[in-house]
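In: Quick one, structure for this:
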Amino acid sequence: MIYITRFDMVAWYILWWSSLMTIRDQLLKQMGIVQWTLRDPALLRGEHAVCIPDATQLIIIADERIDLGNLFVKDILRAMMIDSRQVCCLLTKEVSLLPKEILWPCWIIGKPLPVSSKTWVIHTLPLPEIYSDPQSKRALWAQICQHENNFEFRTN
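Out: Below is the predicted model of the structure:
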C-alpha cells in the first residue's frame, strides 16, 4: 500500500509546475519571443513603499545620499528655516514609489525629474558642481528667494 502525504503532493505539484515552466520557456525561446523579468518583483507586492515621516517639511531627491551635516546643505536648510530632522532624503530611483503628486516641497539635486509637488520644487545641479560654480549658487539662492513667501510649515 502506498501512502501519499500532503507534503508529497505539494512537492509533486512544484516539480510538475517547474517542468511546465521550463517547457514554456523553451517554446517561447524557439518562437523568438523575449521574456521580460522584473528587476524588483517585491515592488509589486508593496514591500518597498516609501514612507515619508509626519515631521517632513522638505524632500531632497538626489542620485546619491545627501549628507545633511554638510555645511553648505546646512546653510541652505537654515535659509529655508528647516531643521535637518524635518528633511526626508530620497534617491532618484525611489521617486517612482511616491504618489503622483507630492504634498511636500522638493529640492531635486542633479538631473531634472518629472516631480509634481502641491507646493514648490527647486531644481539644482549636483552639489559638487554647485560648490565650484558661483553662477549655480546664485541660481539656487534665486530659487529659494522666489519661494521664500511660500514656505509653509506644519507644526506637530
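In: Quick check: which ranges of the protein have low pLDDT?
Out: 1-4, 6-7, 12, 15-18, 20-21, 40-49, 150-156 (pLDDT under 70).
In: show me where it has helices.
Out: 6-30, 71-79, 127-132, 134-146 (DSSP state H).
In: can you list the ones you listed in a markdown table and add distance to residue 104 and mean neighbour count?
Out: Glycine gets a C-beta too; all of them are placed from N, C-alpha and C. Below are the helices of the chain laid out as a markdown table (distance: least, C-beta to C-beta, whole Å; neighbours: other C-beta atoms under 10 Å):
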| stretch | distance to residue 104 | mean neighbour count |
| --- | --- | --- |
| helix 6-30 | 44 | 10 |
| helix 71-79 | 14 | 15 |
| helix 127-132 | 20 | 13 |
| helix 134-146 | 16 | 13 |
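In: For residue 101, find the nearest of those helices.
Out: Using C-beta to C-beta as the measure, helix 134-146 is the one of the helices of the chain that comes nearest residue 101, at 20.1 Å.
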